[in-house]
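Undergrad: got a structure for you, letters missing:
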């Protein structure tokens, strides 16, 4: 009995009540008795108790299936006195895979994504053992010295996006040890002034460079060895051989920024001014897309059938014309009244907060969302919250999954017969185009969209003109035919015009 860990003992009454609603009325437990070594039992006990602080009771209960297989593996292969620290994590995983193969257990399984694609992913048992070994690995170094940083342990403030939470930065895929240590210094510096999204792009860019150096120039192990010649050869490689992406504008910009930060931190003058302006290709112009009225109707017909808070979110997002990050970070006190108008305060993630008037109908919908969250979760910093951690905004990935699943489940298609993609920014385009069709001036449109200047309004006006051309094409063709028919029998000079081919 001493080698049993009862799930009831790990959670409070509220969590147990949720568990019982799933009609699991027994008191489940983890049985460590089959594990042959006391040290192994102690280590796994520590892991299970820690995991209970990270996941809900239902998830811990579902882990039992993977736990039992790991126990069988240890029972068959471990010796008395063994510890998970005896060999490396990689060696344990290799042994586990060999054991699974002998036991005729699949190492991978097929998984169907919401878009219908089939993926091969590692078996859950392997992931479970990896998680256990990661927890048990001890590393007493300072966080910035490790190869995987936990951001909340760095002790510095950084600009995070509330709807895309990033918990770690991984440097393990930079194969050159010297470059890896230098990159850590540059990233640590940039974290204090740049948004986390930019830092992640810098890591992606330097990983790509690292792979190139490992394959083509293995002698380079430090950034101090990167010369202009190396950069030129790398640029040639990107243009002629690299296939990971079509456009390297952002990649090279972030790489230049990171290398210059490394140059400052490590006193490597060769990294300052290493890239020339002409090395960075121009930003490709993105196609400006918007929904037609019929497309929006088809989407909204199904959106309103989603769970009530997600449906409110998507409708509010459309009616506000904001970026999705701005909608998801609306605060419960965002509504106010000034001079008889209902005003909403929007905290823009890209630029400054701004205010604008909204309709009574939209305000009522937002108030319903506020009341729903307050009743269900109490006081929260955001209207739309992560139900697993209400101190944070609802993750963008959760919204994306729900709407994409709806599109594929209902087989929703655009006017061209193609399945809709998930692009919340197209709603903002639609909003901007409709403002231009209302014949508002550029400055008013910019203020309603939260722009600091009128520079981008031209794109909305251009799209509005294109829509007008498309929607009136049949009418214009019919009118032209009428006019041409009425030319029959006119004077000779008009007949001459027609013969010229201009009509």
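TA: Everything's here; your move. Just so it is clear, the model here is predicted, and its values are computed rather than measured.
Undergrad: list the buried ones in the helix or strand where residue 398 lies?
TA: Secondary-structure assignment from DSSP states H and E places residue 398 in helix 396-410. By neighbour count, and taking 16 or more other C-beta atoms under 10 Å as the criterion, the buried residues in helix 396-410 are 396, 398-399, 402-404, 406-407. The C-beta positions use only the backbone N, C-alpha and C, and glycine is treated the same way.
Undergrad: give me the mean pLDDT for it.
TA: Confidence over helix 396-410 (mean pLDDT, whole number) is 90.
Undergrad: next SSE downstream of it?
TA: On the C-terminal side of helix 396-410, the closest following helix or strand by DSSP H and E is helix 425-437.
Undergrad: which residues sit against the helix or strand following that next one?
TA: Along the chain past helix 425-437, the next helix or strand (assigned with DSSP H and E) turns out to be helix 442-449. Defining contact as C-beta atoms under 8 Å, 6 or more residues apart in numbering, one finds that helix 442-449 is touched by 321, 354, 356, 428, 431-432, 435-436, 440, 452-454, 456-457, 460.
Undergrad: one more: stretch 38-49?
TA: Judged by C-beta under 8 Å, 6+ apart, the contacts made with stretch 38-49 from elsewhere in the structure are 3, 5, 10, 30, 32, 35, 60, 67, 74, 78, 81-85, 132, 135-136.
Undergrad: output the contacting helices and strands for the longest helix anywhere in the chain.
TA: With DSSP state H setting the assignment, residue counts place helix 196-216 as the longest helix in the chain. Packed against helix 196-216, as judged by 3 or more C-beta pairs under 8 Å, 6 or more residues apart in numbering; DSSP states H and E, are the following elements: strand 168-170, helix 177-191, helix 228-240, helix 249-266.
Undergrad: want to throw these into a markdown table with distance to residue 374?
TA: Below are the helices and strands packed on helix 196-216 laid out as a markdown table (distance: least, C-beta to C-beta, whole Å):
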| stretch | distance to residue 374 |
| --- | --- |
| strand 168-170 | 32 |
| helix 177-191 | 35 |
| helix 228-240 | 52 |
| helix 249-266 | 40 |
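Undergrad: tabulate these (CSV), appending mean neighbour count and distance to residue 215.
TA: As requested, those are arranged in CSV below (neighbours: other C-beta atoms under 10 Å; distance: least, C-beta to C-beta, whole Å):
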stretch, mean neighbour count, distance to residue 215
strand 168-170, 15, 20
helix 177-191, 19, 14
helix 228-240, 14, 9
helix 249-266, 20, 17
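Undergrad: ok, now how distant is the nearest residue to residue 189 once chain neighbours are set aside from residue 91?
TA: Closest residue to residue 189 in three dimensions, ignoring its sequence neighbours and counting by C-beta to C-beta, 6 or more residues apart in numbering: residue 261, at 4.9 Å. The gap separating residue 261 from residue 91 is 37 Å, by C-beta to C-beta, to the nearest Å.
Undergrad: hmm, back to that, which among the contacts of helix 442-449 count as buried?
TA: The buried subset of the contacts of helix 442-449 - by 16+ other C-beta under 10 Å - is 321, 354, 356, 428, 431-432, 435-436, 457, 460.
Undergrad: what's the closest of those residues to residue 278?
TA: Distance to residue 278, by C-beta to C-beta, is smallest for residue 457 among the buried ones among the contacts of helix 442-449, at 31.2 Å.
Undergrad: break this protein into its domains for me.
TA: Partitioning the chain according to automatic domain parsing yields domains covering residues 4-136, 143-279, 293-471.
Undergrad: work out the gap between the shortest one and the centre of the chain.
TA: Between the mean C-alpha point of domain 4-136 and the mean C-alpha point of its chain there is a distance of 28 Å (C-alpha atoms, centre = their mean, to the nearest Å).
Undergrad: could you do the last one as well?
TA: The chain centroid and the centroid of domain 293-471 are separated by 18 Å under C-alpha atoms, centre = their mean.
Undergrad: any idea of the mean pLDDT in stretch 149-162?
TA: For stretch 149-162, mean pLDDT rounds to 84.
Undergrad: show me which residues of that stretch are buried.
TA: 149, 151, 154, 160-162.
Undergrad: what's near enough to touch residue 327?
TA: 313, 316-317, 320, 384.
Undergrad: recalculate using a threshold of 6 Å.
TA: Going by C-beta atoms under 6 Å, 6 or more residues apart in numbering, residue 327 touches residue 317.
Undergrad: wait, a helix at it?
TA: Yes - counting by DSSP: H, G, I helix; E, B strand; the rest coil, one finds residue 327 located in a helix.
Undergrad: just the buried ones among the contacts of helix 442-449 now: which is nearest residue 170?
TA: After measuring the buried ones among the contacts of helix 442-449 against residue 170 - C-beta to C-beta - the closest member comes out as residue 428, at 32.4 Å.
Undergrad: where's the nearest residue to the closest one once chain neighbours are set aside relative to residue 159, distance?
TA: The shortest distance from residue 428 to any residue other than its chain neighbours is 5.4 Å, reached at residue 321 (C-beta to C-beta, 6+ apart). Summarising the geometry, the distance separating residue 321 from residue 159, computed by C-beta to C-beta, is 24 Å.
Undergrad: go on, residue 28?
TA: Taking C-beta to C-beta, one finds residue 28 at 43 Å from residue 159.
Undergrad: next one: residue 228
TA: Residue 228 sits 32 Å away from residue 159, going by C-beta to C-beta.
Undergrad: same question, residue 198
TA: 9 Å.
Undergrad: same check on residue 26?
TA: For residue 26, the distance to residue 159 - C-beta to C-beta - is 48 Å.
Undergrad: for residue 396, same thing?
TA: 16 Å.
Undergrad: among the contacts of stretch 38-49, which are in helices?
TA: Among those, the ones falling in helices (DSSP H) are 60, 67, 74, 132, 135-136.
Undergrad: any chance of these in CSV, plus pLDDT and distance to residue 118?
TA: Output for the ones in helices among the contacts of stretch 38-49, formatted as CSV (pLDDT from 0 to 100; distance: C-beta to C-beta, whole Å):
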residue, pLDDT, distance to residue 118
60, 88, 29
67, 94, 28
74, 92, 33
132, 91, 29
135, 86, 31
136, 84, 34
